[in-house]
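Chemist: Need a 3D model of the following:
(one chain, ligands or ions: 1)
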Amino acid sequence: MKEPAYFATLPPFWKKTSVRVTVCILVVAVVLAGLVIAFLVGSPMPCVFHQLTGLHCPGCGGGRCLKALLHLDILRAIHANPGVIVAFFLGAYYGLRLLCNYLFRREIFPDLHFPDWLWYVALIGFGVFYILRNIPVYPFSLLAPPPVV
Ligand SMILES: [Zn+2]
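Modeler: Model (predicted):
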């Protein structure tokens, strides 16, 4: 396993083992605090875009989705915002990858290397989804996030 390419560009202070361990502990603590908040209350803030326009933005239902995901209520999570599920697992993987690469100075987790066309298909798919979820007619209304409970 080789050292991550960016590691050589870091200033000496950020390469110290004690600094790397401290940074990783702080990052893990912040992420865990965020997950505890999401587990208990979902999103702590209402969506400003939804309050101003009445439309569901691409992130609407994200807090409810994460809360449902953390409660292992997969169907409710999909109903709230399926894009957040994909983003959650991709973000968790890349976050863990970045953290481990920095902490251990090695490429422990490989880059996933998605083909470019997949990003375009996903972008178009989510764009269509978010347009459809704002049409207030059945069956499209099923795509809107569930009300806050
Ligand atoms: Zn929103």
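Chemist: Beyond the top helix by length along the chain, next helix or strand please.
Modeler: Looking across the chain with DSSP state H, the single longest helix is helix 17-41. Proceeding N to C from helix 17-41, the next assigned helix or strand is helix 48-53, under DSSP states H and E.
Chemist: Just the buried positions in that next one, please.
Modeler: Buried residues in helix 48-53, counted by 16 or more other Cβ atoms under 10 Å: none are found. The way it works is simple: take the backbone N, C-alpha and C, and place the C-beta from them, glycine included.
Chemist: Could you give the average pLDDT over it?
Modeler: Here helix 48-53 scores 93 as its mean pLDDT.
Chemist: before we move on, the earlier item: contacts for the longest helix of the chain, please.
Modeler: 13-14, 44, 63, 66-67, 70-71, 95, 99, 102-103, 105 (Cβ atoms under 8 Å, 6 or more residues apart in numbering).
Chemist: Same question for stretch 117-132.
Modeler: Taking Cβ under 8 Å, 6+ apart as the rule, stretch 117-132 contacts 56-58, 82-83, 86, 140, 143.
Chemist: And the ion, is that stretch touching that?
Modeler: No. Using Cβ under 5 Å from the ion, stretch 117-132 stays clear of the ion, with a minimum separation of 9.8 Å.
Chemist: which ones are touching the most centrally placed residue in the chain?
Modeler: Nearest to the geometric centre of the chain sits residue 88, at 3.3 Å (Cα atoms, centre = their mean). Counting by Cβ under 8 Å, 6+ apart, residue 88 touches 65-66, 69.
Chemist: how does it look with 7 Å?
Modeler: By Cβ atoms under 7 Å, 6 or more residues apart in numbering, residue 88 lies in contact with 66, 69.
Chemist: Which element, helix or strand, includes it?
Modeler: helix 82-104.
Chemist: And the next helix-or-strand element following that helix, what's buried?
Modeler: With elements assigned by DSSP H and E, the helix or strand that comes after helix 82-104 is helix 116-132. Within helix 116-132, the residues that count as buried by 16+ other Cβ under 10 Å are residue 130.
Chemist: what is the rounded mean pLDDT of helix 116-132?
Modeler: Averaging the model's pLDDT scores along helix 116-132 yields 91.
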